[in-house]
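*Asks:* With the input below, show me the fold.
(one chain, ligands or ions: 1)
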Amino acid sequence: MQLQENISLQPYHSFASQEKAAFFSIVSTDIEMETAIAWAQDKAIPFLVIGAGTNIVFTKNFEGLIIKNEIMGIRKTHEDASHVYLTVGAGENWHHLVSFCIHKSWGGIENLSLIPGTVGAAPIQNIGAYGVEVGEAIEHVTAFDTLIDQWITLTKADCLFGYRDSIFKQQKNRYLISELSFKLNKQPNFKTDYGVIRDRLHDMGVKTLSLEAISNAIIHIRSQKLPDPKLIGNAGSFFKNPTVSKEQYEKLQVQYPKLVAYPISDNSYKIAAGWLIENCGFKGVRKGNVGCYEKQALVIVSYGIESGQEVNHFSQEIIDTVLKVYDIELEREVNIY
Ligand code: EPU
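*Replies:* Modelled structure (predicted):
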């Protein structure tokens, strides 16, 4: 096991703040991962597995072992008349997998183009965009269960996928993911319900839909609206879109006729957190070395922070203000350590 001590975490997460880890190890096999966990358990220190660090804020030094998952590999395990089954190492780059599948004409995850991060992180918050969530394409997940110290396989149903939610998020750090199996479609089942996708395809002059055309449209939309974490520190959407009761929605709607929301059941509505934040005046606002992104209020950006504390404090200010104005408590989507 390769072990580094007292290293800066700056290169390993997209907010790129300067907190340190007492111990740091890169693992590229499941055996190395198990060894690293056993080492930390033996020393009775905390451990945390990271992928590309694109959904995380460090607010203090990590006094334990950070395990960077670089378990790679994309393998077709089998196929039938309509589907292809792939097993993918958790350390693979997410967009690389999406591009690989598009190239092979395997559909199902093209709407998730250009989402930063690794394959192993995708099921944790059940990444989703433009009407598709990764949980829909996952068959099962292989993980080390730290409660029973055993490798287990979780089926899609075991994963308890919900909106930006899963068993991996509910039971933080219990399951350490090594690989995932995906079920992809040989016959296209294009999802272009989102108006912005249809508009973009139209502007691109696309006459015949293809996986590639949809992916290109989404890459264009995302690049226009979301900051590239390689250039500006950020972790994508910082907050979840909140759900409120129909009663609360109707009250708000009277007060704020322009409120952006849509029904998700007979008696609940999902509200666009970006709208709430923008309408509290935060969009484009900079405070010290952090700010609310000028093109998408749901994203907090760094202008060169030293500590993730700055991000955390700013996000709290947003939560407090939205609560005061709309009586809605925003929930962070990003992991805070
Ligand atoms: N809006 C505003 N102001 C803003 C941002 C949004 O008024 O600054 C309103 C607009 O009316 C807009 C609506 O909110 O039409 C929805 O905005 P958008 O389509 O950008 O989607 P979102 O709800 O802000 C979610 C995901 C994104 C995903 C998009 C597209 C969450 C927390 N975020 O954002 O995911 O790309 O939908 O499907 O659900 C991510 O998780 O990092 C992420 C970028």
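
*Asks:* Run through the residues of the chain sitting next to the ligand.
*Replies:* Along the chain, the residues adjacent to the ligand under the rule CB under 6 Å from any ligand atom are 129-130, 226, 236-237, 240-241, 260, 272, 274-275, 278, 283, 296-298, 333. Any C-beta I mention is one placed from the backbone N, CA and C, and that applies to glycine too.

*Asks:* Kindly recompute the last result at 5 Å.
*Replies:* Within reach of the ligand by CB under 5 Å from any ligand atom, the chain has these residues: 129-130, 236-237, 241, 260, 272, 274-275, 278, 296-298.

*Asks:* helix, strand or coil for residue 39?
*Replies:* State at residue 39, reduced to three classes by DSSP: H, G, I helix; E, B strand; the rest coil: helix.

*Asks:* count of residues packed around it?
*Replies:* 17 (other CB atoms under 10 Å).

*Asks:* that older thread, quick check: the farthest pair among the residues of the chain next to the ligand?
*Replies:* The largest separation in these, counting by CB to CB, is between 130 and 278 at 20.4 Å.

*Asks:* and the longest strand along the chain, what does it pack onto?
*Replies:* The longest strand of the chain (DSSP state E) is strand 175-185. Here strand 175-185 touches helix 30-43, strand 62-69, strand 83-89, strand 138-145, strand 150-155, helix 167-170, going by 3 or more CB pairs under 8 Å, 6 or more residues apart in numbering; DSSP states H and E.

*Asks:* export the ones you listed to a markdown table and tack on mean pLDDT?
*Replies:* Shown next, in a markdown table, are the helices and strands packed on strand 175-185 (pLDDT from 0 to 100):
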| stretch | mean pLDDT |
| --- | --- |
| helix 30-43 | 96 |
| strand 62-69 | 98 |
| strand 83-89 | 98 |
| strand 138-145 | 98 |
| strand 150-155 | 98 |
| helix 167-170 | 97 |
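
*Asks:* Looking at the ones you listed, which is nearest to residue 268?
*Replies:* Between residue 268 and those, the tightest spacing by CB to CB is seen for helix 167-170, at 19.9 Å.

*Asks:* got the CA positions of the closest one in CSV?
*Replies:* Taking C-alpha atoms only, helix 167-170 is exported to CSV below (Å, rounded to 0.1, in the frame of the first residue of the first chain):
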residue,chain,number,x,y,z
ILE,A,167,-28.5,4.2,0.5
PHE,A,168,-24.9,5.3,0.0
LYS,A,169,-25.9,8.8,1.0
GLN,A,170,-28.3,7.8,3.7
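
*Asks:* Go through it and flag the buried ones.
*Replies:* By 16 or more other CB atoms under 10 Å, the buried positions in helix 167-170 come out as 167, 168, 169.

*Asks:* Give me the residues contacting that helix.
*Replies:* Residues from elsewhere that reach helix 167-170 (CB atoms under 8 Å, 6 or more residues apart in numbering): 123, 124, 125, 126, 143, 154, 158, 159, 160, 174, 175, 177.
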